Structure formats: structure tokens, C-alpha cells
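[1] Predicted model and sequence below, questions to follow.
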Amino acid sequence: MASQFPDDFKCPISLEIMSDPVILPSGHTFDRPNIQRWLDAGHRTCPLTKLPLPEHPSLIPNHALRSLISNYTLPSPAQLHNNQLPHQSQSQPNQQPQTLIATLTSAASSLDSKLESLDQLNRLSKRDAAFRAKLTESGAVAAVLKCVDSDEPSLQEKALTLLLNVSLDDDNKVGLVAEGAIARVVAVLQGGSPNSRAVAATMLTSLAVVEVNKATIGSYPYAIRALVSLLRDGKGREKKEAATALYAICSFPDNRRRAVECGAVSILIRIADSGLERAVEVLGLLAKSKDGREEMQRFSGCVRILVRVLENGSSRGVQYALLTLSSLCHFSEKMCVEARKEGVLAICVRLVEDDNEKIRKNASYLIQVLDGNHSMI
């Protein structure tokens, strides 16, 4: 069954479809259970490149790829036998990329014909890395970016989705930035439809897989501010994708300062309190910066909200709530006092027995901080 999926959807270790794709510092994506076993066995090299990894390598969720996998529709056996894609009838064969792109650029093309061309390009590019390469080589990106500039929401959204498909390949991520993708994406974040804004945020997450793009996105005028605004004003999916993009971008230290300056901390704390745990992941990163910690200390009830995540959150939410509290308490005796008052120590004593190794480790460290056995810096 897995052979019917694009190779990009398969873990390089197991060759099975990934259920929880994560990105190593080397930039390559693996399924979390497989790469975690590799790391737990003591390996500190990338399984693909053999290049060295940090002692404690971070595993960044590849939400863009996960979304593509979850939305992928397998062709039926009959369609496979006839070499036919889903939603494609025998009376509508696939056109060549040049023909489809020409439709996008022609002033005489109707909106419906442009939408149909984008639909075909999206179906083909989602499945086939060679087709994505052919698209970029043919100069299609410039034509698609013009569609992103459109005031027509459906055209804009489908064009953004195509760019997201193209960005699956790491070689294309830097090229897309060079062709001006960030400017278009930020413009959509500021004024697009809700669906387009969500896809635009996912696009930034995908581009940020490449380390140099994190710095480029962060330094781009209004990029982080637009994500923070989407986090504040957007609906469910928009908030989730904005938080995911901030998480990817803020692994670059300078971007943490920028996010704090844009007012991200108070928004993230409120959203975390409403149940969006991805906000806690971003807080864990921002707590690594002095400015971020100071903003969290100024927010009344921050510790209490993080305690609620410890008591009711998922394993990942608990893990990042522990990290955030550790950073806050490590640098502030006042936060230590507040954490003890909120019962954090007793919670951590329970969590050191948790099945999750990272939770056990983070809880143990926080206990040391609260007990005063860790020197203040």
C-alpha cells in the first residue's frame, strides 16, 4: 500500500508512511518513533548524511508535510490500472505543465480555467517530486506568485497551496524565497481570506525548515508581526498554523526577540489557557530569551496557566510547560516562589514516574531548580 504514496511521505529509516514527521537539525525529515530510536541508541549523526548532530538534537514537527500526508487521497485500484489520478475523468486528461502555466499567465484566460489549471498542478505536484522539479525549472513559480497577488480568494488559496507543494523539496525552499515568496505570503497574512491566511502561515513553516530562511523571514518587515496578529485575531485553524509557524521561526534566537517585541507572549499565554497547546511550545522557546521571560513574569497568572497544562495537557503540552517553567524559575526566585505556591513541586514528583522519558527528565530538572540545587545564572 505504501508504494502508492509519494516517496517524500515515507520515512527514510523504515520506508513506511510517516505518521509524525519531524525535522532533524540536518534538515532531513523522519518519522518521530524511528528517529527517536536512532537517537536513543546513542547515535549522534544524521542517518542520511552521516553528518554530526548536537548532543541533544531538537526534533521540529514538520506540520506542513504532515498536513499533506493527512490530506492525501489514495487512487483506487481501477484508477491505478488506468494510470488515472483521483478526480480525473477519462474525458479530462492531464495537460502538459507548460500548457497549464500558459493558462495562468494569459490575460484571456477565465477564472474557471485558471482554477482548473491550478487544481491539476496541485494534484500532480503533491505526488511527484520530478514534476515539482519540472515546474521550478520551467519558471512556473513567477506565474503562480502572480496568482497569489490576486484579489480572488479561491485563486489565491489554490496558488498558495501549489507553492506549498513545491516547497516540499528542500532545494526549492531557498529558491522560493529568492523569487519573492515571503513578500507575497506576508501580504496574504495581512489581508487574505481565512483559508488563505492559514495556508500562508503553513507556507512560512515549510520555508523555515531551511536555517537561512528563518533569519530571512524574521528580518522581513511585518512577517512576525503578521503571524502574531493572526494568532490574536484568527480563528481555530489560523491560530494553530500561526503558532506552528512561530515555533519554526523562533528556533532562530533573534526571532524570539522580534516575537516578544510584537506582543506575542501575552497572546500565547491566553491562547494556551484556552487549550491550544502549540502556544505552549512557542512559549518554551521564548522563555529562552531574557525579554521573553520578563514578559511572562509580568503576565498575572502565567504560572497558574502553565500548571493547568501540567495537570490536563497532552504529553507534548506537559513537556513544554515543564520547559517553560524551568526557564522562568531558573532565572527568577520570585517565579520559584510562585511555582511552589501553585503546587508545581508535587506535580513534578508525580511526573518523574511518567512513561514519557522527556517528561521525566524535564520534571526532574524542575525539581532541582525548585529545591535550589541548580545555580542561578
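    It's in.

[2] show me what contacts I35?
    Going by Cβ atoms under 8 Å, 6 or more residues apart in numbering, I35 touches 13, 22, 24, 47, 59. For glycine as for every other residue, the C-beta is placed from the backbone atoms N, C-alpha and C.

[3] give me the element the second one is part of.
    What it means is V22. Assigning secondary structure by DSSP states H and E places V22 in strand 21-23.

[4] So what's the residue count around the closest residue to T105 other than its chain neighbours?
    Spatial nearest neighbour of T105, excluding adjacent residues (Cβ to Cβ, 6 or more residues apart in numbering): A143 at 4.9 Å. Using other Cβ atoms under 10 Å, the number of residues around A143 comes to 19.

[5] coming back round to it: okay, the contacts of I35 in CSV with neighbour count and distance to C262 next?
    Below are the contacts of I35 laid out as CSV (neighbours: other Cβ atoms under 10 Å; distance: Cβ to Cβ, whole Å):
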residue, neighbour count, distance to C262
I13, 16, 38
V22, 21, 27
L24, 23, 29
P47, 18, 37
L59, 17, 26
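
[6] of all these, which comes closest to D119?
    Proximity of the contacts of I35 to D119 was ranked by Cβ to Cβ; the top entry is V22 with 30.4 Å.

[7] I'd assumed P57 was in contact with that closest one.
    No: using Cβ atoms under 8 Å, V22 is not in contact with P57; the gap is 10.1 Å.

[8] Could I get the full set of helices for the stretch 51-200 of the chain?
    All helices of the stretch 51-200 of the chain, identified by DSSP state H, counting those that start in this stretch, fall at 63-71, 77-81, 97-105, 111-127, 129-137, 140-148, 153-166, 170-178, 181-191, 194-207.

[9] Just want the angle from the last one to helix 140-148.
    What it means is helix 194-207. Compare the direction of helix 194-207 with that of helix 140-148 by axes from the mean of the first three to the mean of the last three Cα atoms, to 10 degrees and you get 150 degrees.

[10] who does helix 194-207 touch, helix- and strand-wise?
    Here helix 194-207 touches helix 63-71, helix 153-166, helix 170-178, helix 181-191, helix 211-219, helix 223-233, helix 236-249, going by 3 or more Cβ pairs under 8 Å, 6 or more residues apart in numbering; DSSP states H and E.

[11] cool, and the first one?
    With contacts taken as 3+ Cβ pairs under 8 Å, 6+ apart, helix 63-71 sits against strand 21-23, helix 153-166, helix 194-207.

[12] Distance from the chain centre to the first one, please.
    For strand 21-23, the distance from its own C-alpha centre to the chain's C-alpha centre is 10 Å (Cα atoms, centre = their mean, to the nearest Å).

[13] and it, which strands flank it?
    strand 29-31 (antiparallel), strand 60-61 (antiparallel) (DSSP bridges).

[14] Which pLDDT value goes with the closest residue to A201 other than its chain neighbours?
    Excluding the flanking residues, the one nearest A201 by Cβ to Cβ, 6+ apart is E241, at 3.8 Å. E241 is assigned 95 on the pLDDT scale.

[15] ok, now how distant is E241 from Y247?
    11 Å (Cβ to Cβ, to the nearest Å).

[16] neighbour-wise, which of the two wins?
    Neighbours were counted for E241 and for Y247 using other Cβ under 10 Å; E241 has more, 28 against 23.

[17] Please list all residues in contact with the more buried one.
    By Cβ under 8 Å, 6+ apart, the contact set of E241 is 63, 198-199, 201-202, 205, 230.
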